[in-house]
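Chemist: A structural model of the following input is requested.
(chains A and B)
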Number of protein chains: 2
Amino acid sequence: MRAQNLTLLTDLYELTMMQGYYENPSDQIVVFDAFYRKNPCGGAYAVCAGLEQVIEYVRDLHFSPDDIDYLRSLHIFNDDFLEYLRGFHFTGDIYAIPEGTVVFPREPLLKVVAPIMEAQLVETAILNMINHQSLIATKASRVVYAAKGDGIMEFGLRRAQGPDAGIYGARAAMIGGCIGTSNVLTGQMFEVPVKGTHAHSWIMSFPDEYTAFKTYAKMYPEACILLVDTYDVLASGVPNAIRVFKEMRAEGLPMKGYGIRIDSGDLAYLSKKAYQMLEAEGFGDAIISASSDLDEYLIDSLKTQGAKINSWGVGTNLITSGDWPAFGGVYKLAAAKDKDDAEFTPKIKLSENSEKVTNPGNKTIYRIYDKETGKIRADLICLADETFDESKDMIIFDPIETWKKTKIKGGTYTLRELLVPIFQKGACVYTSPSVMEIRDICTREKDTLWEESKRLVNPHEVYVDLSDKLYHIKSDLLEEMSMKALGEQ
Amino acid sequence: MRAQNLTLLTDLYELTMMQGYYENPSDQIVVFDAFYRKNPCGGAYAVCAGLEQVIEYVRDLHFSPDDIDYLRSLHIFNDDFLEYLRGFHFTGDIYAIPEGTVVFPREPLLKVVAPIMEAQLVETAILNMINHQSLIATKASRVVYAAKGDGIMEFGLRRAQGPDAGIYGARAAMIGGCIGTSNVLTGQMFEVPVKGTHAHSWIMSFPDEYTAFKTYAKMYPEACILLVDTYDVLASGVPNAIRVFKEMRAEGLPMKGYGIRIDSGDLAYLSKKAYQMLEAEGFGDAIISASSDLDEYLIDSLKTQGAKINSWGVGTNLITSGDWPAFGGVYKLAAAKDKDDAEFTPKIKLSENSEKVTNPGNKTIYRIYDKETGKIRADLICLADETFDESKDMIIFDPIETWKKTKIKGGTYTLRELLVPIFQKGACVYTSPSVMEIRDICTREKDTLWEESKRLVNPHEVYVDLSDKLYHIKSDLLEEMSMKALGEQ
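Modeler: Here you go, the predicted model:
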C-alpha cells in the first residue's frame, strides 16, 4: 500500500556500523532477537502485532539512486560501500511469532539470522513496527477485557502520533479485539469495519437540535446513533432523541441499531438517567454509547457503578496507549558464526541490571499447554535444535532467579513452537492472515491465559523459563565474560 | 514525499455528515477553529508544528477511483454523493500560526473558512498532524531547556508509534531545538543533521572491546564516540577508550569530536568517574554523551548533581512524549453564514465544564509584546475584523474568569497578528520555511517568553484574553443558548 521507500527509516549508526563491517570484512552470520522486557500497562501479557508491515518493509528493502546520493552527501560513506548498498537486498532468514499471539517478556518475538550487515540495517524499522503495533494491540485487548462483552470502537485517529500511528494503530486495535474503527483509510487498507455517525458540528449547523437529529435519522435510519450532549444531555439531547425515535417508530421503521451517544459529563449518572427516559417511552433496547477520554480503568469503574452504557468509543488513551506509550522492545545480538562454521557461538550482553542481561544463543520458544485445560503453563526458551518429548518430565529454570525450577510431569502437557519461518534465504515463505482472521486468532489466544493473568491490576505473571541446556550456556558465558571484563582492567 | 493518498485518513462520521449536507443542501460557509485546551507536560506554552504536512495534505485532497469504489462498498453512500466526491477538491481559506511559534491554550492554531462539507472533511487529518507534531516540538523544547545549552540528539525512532511518528516526530523534535536526529529518512526528507555512531552489537561482534573501539576509531576518527557500557563502564569501557584515544593522539590525529557514550547505569556517578579517568590522561575535553531513558526531569536532575555529561541522546520519552502522549487539540465550529451573507453568525458549544465552552465567531489573534523587553504580555483573541491602535490603552478579559480584566497602557506595547493566510480560495499562498529555519524561528520565539513561563515545574501561565467585543458576543450567546436549552425541555 505504501509507495514511500522506507529503506532509510533507520538510525544512522546502523549504516556507520555496516560500513565498518564492509571495510573490515566480516563473513559473520549473526542471530539477533527482538524481545521486550516488561509487559505494557502493568499487565501480565502482550499481544504481538506488526509482522505484516515488517514483511512488506523487508521485501521492499533497497537503496534508490536518491538514497545513495543522499548518503554520499553526508561525507561519511565511501564510494565502494555506496556501490555495495546500490545492490543491497535482504538474503537472510527471519522467524517470528504470528500476529495476535499472546506473548511474554524476554522471549524473542522475532529472530533475524543473516549476514551481519543485513541483520544490523533492519534493526530500527523492525523495532519501530513491532513496538508500535504490539503496544496498541495489547492496550486494545485490555480495554476490550474491561468492557466485558460490550463492543469497543477505536476512535483515536485525530489524537494519534501522526498518520501511521492512526492507520496502523487502528489495525492493531482491531487485532486486540475492537469491533470497528472510525478510521476510513484503515478500513480500506485492511478490510475492517468502519463506524461513526456525527459530531457536535452537525448539531450546531442546524437551527436546532431536533432538526439536526431528524435530518440525520431520515438519512441513516439503520445506524441512527444521536449525539445528545451538544447543549444539555437530559434537558435537551435525550428528549429530542426520544421525539425522533417516536417518529421513526410511528413510520414503522425497524428500530435496529438506534440509540444515543454521550461524549461528556458524568457518564454514570447521565447514562442511567438517559436509560430511564428512553425505557419509559419503550426504547429500553436503544444503544447507549459513551466516548469521553475513556480507558480500561474508567470503563471498568463505570461498569462497577452500573452505568447503562453498552457501546464504547475509545480514542486518545487507546491510540496512544496513554499510560504506557512505548512498548520497549529491543534487538540484541544473541549468536554469531563465520560463514562456513556449522555452529553458532552464543553472545551475551552484560548489564548491572540482571533483567537486562540477554539470553545467548540461536534460540526458539516452546509454549507448554496444560493438556486438560488448554491453558498456558509456561513458555520455554531453548536452543533452536533442542527437542522435547511430551511424554517425559520437563525441568525448567527461571531465567533471572535461576534457583527457581519447575518440574512439569510427562503426559500432562503439549508443546507448540512459537517462532515460525517468515523469510528463508531472503524469500518470504509466510502469508499473513487478514486482520479479521488475526483478531480471531487473538481471541482464541486470550482463552489460553488463566483468568488471573488477564485482570487489569496486579495480574499473575506467566512463567517464561529457560531449558536446562540454555541455562547452563548462559551461566558459563556470564562467568567467562565477567572474568574477562575484570582481566581487562 | 509521500505517495500514499491520505484523503481517506478521516473519521467515517466526516463522510456521513458530508453526505448529510449534500442531501440536505447547505450553502453554508463555516469557520472551524483548531485549538487546544491544556499545555502539554504541565508547561506554560506549546510550540506549534505540523503545518507543512497539513498543506501537503490539503493540496493533495482528492478521492481516487479506488477510494470511491471502497466507499460504495460500505453501502451507506449513494451514487450522487459519490459522484460529487469524484470531483471534490478544497476551495476554501485556511489561516494558521506559523510553525515554531510559541502558542497558548484556547487560541486557534489554525482556522478553516470553507463550505461546510469541505471544512468538515479535513478535521481529522488536520488535527492528527498538528496534534502530533506540536506535541513533540513542545516536548523537545522542554528537554532542550533542561540541557542548558548542551546538545540534544533525537534517538527515538525504534520506540516511535509507527514510521510516521518517527519521521515527523524527528522533524518536530528538530523544530523544538534538537541538534540532530538518528533518523536517516528524516535527515533526507527535511535536510536536518543526522547523528550516530555504533551499538552494543558492534562491540559484541569483535573478539574484544579494544579491537572494536580501535576499528571504529580508524574508520571515523572525526566522530569517534565510543560506547563504553557493553561489559563494564569503569573496569573495561573507559580504560579501553582511553587506550584508543592515546593511540589516536600518538598518530597526531586532531582529536576533534571524540569521546564516550554511556547508555546504562548510574549516569551521575559513571560520568564523573569517567571524566576523572579521561582528564587524568589529558582527555578532559572529550565528549561525554549519555542516553538511557532520559527526559527533561532526569536531565535537570543530572545537571543538578553535577554529572559530567555534555551531550544527550533522548529516545523514547521524547519521541512519544512519554508523560503526556497526546496534545488534545480539537476542531470546533465557531461561525457560519449562508453563501451570500456578508456577516458570519457566531456559534457556540456549551459544556458542563466551562473550560470546554468554545469561543464563538470568525476570529483572529494578536500577540501583545512589551515594547521595552520584547516579551509577551498577553495574547488577545478578537474578531477577525477588529483593529487596534497601539498608542491607545487596551482592556482585555480573561475568557473564563471574565471578571479578571487587564489594562495595557497605550504606547507600551506592540501587536502582531498570529494567524497568517495559508490557503485562499483553495490555492496555497504560503511557502513553508525549511525545518532548520523553523528551528531558528522557534529559538527566537522562546526568547519572547518570560523565564517564569519556561521553567519545567509550575510555570507562570501566559494570559490569553478576549477582546471587549468578543467577550460581549460570547456572553450574549451563552445566555441565549442556555435559555434555549431550558426552553426545549
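Chemist: Any stretches of the stretch 1-150 of chain A with poor pLDDT?
Modeler: Across the stretch 1-150 of chain A, the ranges flagged by pLDDT under 70 are A:1-3.
Chemist: Using CSV, write down the CA coordinates of the longest helix belonging to chain A.
Modeler: In chain A, taking DSSP state H as the definition, the longest helix is helix A:123-146. Only the C-alpha atoms of helix A:123-146 are listed here, as CSV (Å, rounded to 0.1, in the frame of the first residue of the first chain):
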residue,chain,number,x,y,z
GLU,A,123,17.0,-3.3,13.5
THR,A,124,15.4,0.1,13.7
ALA,A,125,12.4,-0.3,11.4
ILE,A,126,11.6,-3.8,12.7
LEU,A,127,11.5,-2.5,16.3
ASN,A,128,9.5,0.5,15.3
MET,A,129,6.8,-1.5,13.7
ILE,A,130,6.6,-4.4,16.2
ASN,A,131,6.9,-2.0,19.2
HIS,A,132,4.1,0.3,17.9
GLN,A,133,1.5,-2.3,16.9
SER,A,134,2.2,-4.7,19.8
LEU,A,135,1.7,-1.8,22.2
ILE,A,136,-1.7,-0.8,20.7
ALA,A,137,-2.9,-4.4,20.3
THR,A,138,-2.1,-5.0,23.9
LYS,A,139,-3.8,-1.8,25.1
ALA,A,140,-6.9,-2.7,23.0
SER,A,141,-7.0,-6.1,24.5
ARG,A,142,-7.1,-4.6,28.0
VAL,A,143,-9.9,-2.2,27.0
VAL,A,144,-11.9,-5.0,25.4
TYR,A,145,-11.4,-7.1,28.6
ALA,A,146,-12.8,-4.2,30.7
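Chemist: Tell me the spacing between the residue nearest the centre of chain A and B:Val429.
Modeler: Chain A has A:Ser134 as the residue nearest its centroid, 1.8 Å off, counting by CA atoms, centre = their mean. Plainly put, A:Ser134 is 43 Å away from B:Val429 if you go by CB to CB, to the nearest Å. Heads up, the C-betas are built off the backbone N, CA and C, glycines and all.
Chemist: Verify the contact between the residue nearest to the centre of chain A and A:Tyr45 for me.
Modeler: No: using CB atoms under 8 Å, A:Ser134 is not in contact with A:Tyr45; the gap is 10.8 Å.
Chemist: and for these two, which residues touch both?
Modeler: Common neighbours of A:Ser134 and A:Tyr45, using CB atoms under 8 Å, 6 or more residues apart in numbering or on different chains, are A:Val103.
Chemist: Check the gap between A:Ala199 and chain B for me.
Modeler: Distance from A:Ala199 to chain B, counting by CB to the nearest CB, to the nearest Å: 6 Å.
Chemist: Also A:Leu318?
Modeler: Distance from A:Leu318 to chain B, by CB to the nearest CB: 11 Å.
Chemist: Please identify the helix or strand for that residue.
Modeler: Element membership for A:Leu318, per DSSP states H and E: helix A:316-319.
Chemist: who touches that helix?
Modeler: Contacts of helix A:316-319 (CB under 8 Å, 6+ apart): A:136, A:139-140, A:143, A:152, A:154, A:156-157, A:159-160, A:165-166, A:169-170, A:173, A:293-295, A:322-323, B:326, B:328.
Chemist: just checking, which of these belong to strands?
Modeler: Members of the contacts of helix A:316-319 lying in strands (criterion: DSSP state E): A:Ile152, A:Glu154.
Chemist: Drop anything exposed from the contacts of helix A:316-319.
Modeler: A:136, A:139-140, A:143, A:152, A:154, A:156-157, A:159-160, A:165-166, A:169-170, A:173, A:294-295, A:322, B:326, B:328 (16 or more other CB atoms under 10 Å in any protein chain shown).
Chemist: out of these, which are inside helices?
Modeler: Among those, DSSP H puts A:Ile136, A:Lys139, A:Ala140, A:Val143, A:Ala165, A:Gly166, A:Gly169, A:Ala170, A:Ala173 in helices.
Chemist: hmm, back to that, could you check how far the helix holding A:Leu318 is from the centre of its chain?
Modeler: 13 Å (CA atoms, centre = their mean, to the nearest Å).
Chemist: Export only the CA atoms of the next helix or strand after that helix, formatted as CSV.
Modeler: Next helix or strand after helix A:316-319 toward the C-terminus (DSSP H and E): strand A:330-337. C-alpha atoms of strand A:330-337 as CSV (Å, rounded to 0.1, in the frame of the first residue of the first chain):
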residue,chain,number,x,y,z
VAL,A,330,14.9,-4.2,21.9
TYR,A,331,17.0,-6.1,19.3
LYS,A,332,20.0,-7.8,20.7
LEU,A,333,22.9,-9.9,19.2
ALA,A,334,22.5,-13.5,20.5
ALA,A,335,24.9,-15.5,18.5
ALA,A,336,27.4,-15.3,15.6
LYS,A,337,29.4,-17.7,13.4
